[in-house]
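Novice: Quick one, fold the following:
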Amino acid sequence: MDAILNFIGENITMIYLIILMVFVGIELIGHVPSVLHTPLMSGANAIHGVVLIGAIIVLGKAASDDYFSIAIGFLGVIVGTLNVIGGFVVTDRMLEMFKKKPKAGENKGGSK
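Specialist: The predicted structure is shown next:
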């Protein structure tokens with residue numbers, strides 16, 4: 001328990017910064033117009049790609065007996081991969097809404 005309290009005491013500024021980032025992020029995302037969601041999702045995919053690469057680096061640099069780093073790196077790879085894939089799926093579905101649907105009498109295969 002003392003180790004946890006020491007960690008919190010040494011990193012209190014970072015903890016406050018993370019809490020502030022969470023609240024600012026929620027406020028920013030909550031006020032984004034619908035038109036901008038697709039470009040923001042593409043940007044989020046790029047950020048999650050960077051997170052994924054960072055997690056892979058953590059896994060590569062972790063010592064074989066450092067189970068904490070291995071677990072955090074593995075969790076980062078899994079969550080980053082899910083975010084990237086989910087982001088691309090959502091972006092693709094949103095872009096499908098903007099495509100024009102062919103009319104009932106039009107030929108889809110080309111011109112004849």
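
Novice: Poorly predicted segments of this structure, please.
Specialist: Scanning the chain for pLDDT under 70 picks out 37-38, 105-112.

Novice: all helices for it, in order.
Specialist: 2-10, 12-30, 37-61, 67-96 (DSSP state H).

Novice: Rebuild the ones you listed as TSV, extending it with mean neighbour count and distance to Ala104.
Specialist: All C-beta spots, glycine's among them, are computed from the backbone N, C-alpha and C. Below are the helices of the chain laid out as TSV (neighbours: other CB atoms under 10 Å; distance: least, CB to CB, whole Å):
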stretch	mean neighbour count	distance to Ala104
helix 2-10	9	65
helix 12-30	10	40
helix 37-61	14	28
helix 67-96	14	19
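
Novice: For those, could you give me JSON lines that also reports distance to Pro102?
Specialist: JSON lines is the format used below for these (distance: least, CB to CB, whole Å):
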{"stretch": "helix 2-10", "distance to Pro102": "60"}
{"stretch": "helix 12-30", "distance to Pro102": "35"}
{"stretch": "helix 37-61", "distance to Pro102": "22"}
{"stretch": "helix 67-96", "distance to Pro102": "14"}
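
Novice: closest to Lys103 out of those helices?
Specialist: helix 67-96 (17.5 Å; CB to CB).

Novice: Summarise which helices and strands that closest one is packed against.
Specialist: Here helix 67-96 is seen to pack against helix 37-61 when contacts are counted using 3 or more CB pairs under 8 Å, 6 or more residues apart in numbering; DSSP states H and E.

Novice: Roughly how far does Val50 sit from Met94?
Specialist: 22 Å (CB to CB, to the nearest Å).

Novice: do the same with Asp2
Specialist: In terms of CB to CB, Asp2 sits 50 Å off from Met94.

Novice: what's the answer for Ile70, then?
Specialist: Distance from Ile70 to Met94, by CB to CB: 36 Å.
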